[in-house]
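Undergrad: A structural model of the following input is requested.
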Amino acid sequence: MKKQQLAQIQVSPSPEQWPAQVDQAWQEQMILQYAPLIKYIAGRLALRLPSHISLDDLISSGIIGLIDAIQKFDPSKNISFKTYAEFRVKGAILDELRSLDWIPRSVRKKSHVLEKTYAELERNLGRPAEPEEVCLALGLELEEFYQLLDETKAVSLVELEGLWKAARSGSDYLEAELSDFLQDENYRDPSLALHFSELREVLVQAIDGLPDKEKLLVSLYYYEELTMKEIGEIMGCTESRISQLHTQAMLRLRAKLRDYFQTEAPERKR
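TA: So this is what the prediction gives:
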């Protein structure tokens, strides 16, 4: 389901339409209206998760997030309910995944080694590392390398809430959720606004520095919201290969963001 189709399904109620007191009937109406959004978010996340993670469980968590959004939404704030609900739904699903501890420690370790290897190679080379160069650094055959990418693809989920927690470290808003920050203009102090502006620039530059295929993949997946299968058809690759390219792109981006938080962010706190 594409972004345009979702826009047709969900039209956020205007502030004038939102009731002063949310009752059961309104809540049920909103759950029915936004059910496709929950299925869409859960489905996209499920594509990068192990098969034993139930899609129905993700959807159930998303419904809890949506109900929380309905109960806490303030129509007087300068944000649409759809935007607010998306953060609450995704946040609830990711919280459920974290509570399940669904990624084995060994897989996390492998992902960390891959990320560190990419970061070191790209610092030394001054350009994106090729798969063969990563294989040489790790002492792996190319087939073993691609198998490693398949094993660690689940760790490649880039969580906005995770970036938010790092960004707000040391701020006065440690107890505030990102969705609350976006909803309430009072949270937007100059230092945090500057930080997010810098973070956005770092991410834009990191994406721009990706190899062409990975850059196209990121654009198609995160901006056009196509599926891995659809992207494979466009790029003339198998869905498995697209998944591996996605994992490589996320490893590079995470390495860039980690460098940012370990260098630039501490400097700003001094």
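Undergrad: can we go C-alpha only for contacts and neighbour counts from here?
TA: Noted.
Undergrad: how about I93, what does it touch?
TA: A42, L58, I59, S61, G62, G65 (CA atoms under 8 Å, 6 or more residues apart in numbering).
Undergrad: show me where this protein has helices.
TA: 3-9, 24-46, 55-72, 81-100, 105-125, 131-138, 142-151, 160-167, 178-183, 190-208, 212-218, 228-235, 239-269 (DSSP state H).
Undergrad: and the first one, average pLDDT?
TA: Computed over helix 3-9, the mean pLDDT rounds to 48.
Undergrad: Show the end-to-end separation of stretch 98-112, please.
TA: 17 Å (CA to CA, to the nearest Å).
Undergrad: all numbers from here: first residue = 7
TA: Shifting the count to begin at 7 puts that one at stretch 104-118.
Undergrad: average model confidence for it?
TA: 79.
Undergrad: For it, what is the distance to the chain centroid?
TA: 17 Å (CA atoms, centre = their mean, to the nearest Å).
Undergrad: Now do the buried residues in it.
TA: Residues V113, K116, S117, H118 are the ones in stretch 104-118 that count as buried (16 or more other CA atoms under 10 Å).
Undergrad: JSON lines please, covering the helices of the chain and showing distance to W24.
TA: Compiled in JSON lines, the helices of the chain are given as follows (distance: least, CA to CA, whole Å):
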{"stretch": "helix 9-15", "distance to W24": "18"}
{"stretch": "helix 30-52", "distance to W24": "9"}
{"stretch": "helix 61-78", "distance to W24": "10"}
{"stretch": "helix 87-106", "distance to W24": "10"}
{"stretch": "helix 111-131", "distance to W24": "44"}
{"stretch": "helix 137-144", "distance to W24": "52"}
{"stretch": "helix 148-157", "distance to W24": "45"}
{"stretch": "helix 166-173", "distance to W24": "27"}
{"stretch": "helix 184-189", "distance to W24": "15"}
{"stretch": "helix 196-214", "distance to W24": "29"}
{"stretch": "helix 218-224", "distance to W24": "36"}
{"stretch": "helix 234-241", "distance to W24": "37"}
{"stretch": "helix 245-275", "distance to W24": "38"}
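Undergrad: Just the pLDDT for the nearest residue to A75 once chain neighbours are set aside.
TA: Leaving aside its chain neighbours, A75 sits nearest to A91 (5.5 Å; criterion: CA to CA, 6 or more residues apart in numbering). Per-residue pLDDT puts A91 at 90.
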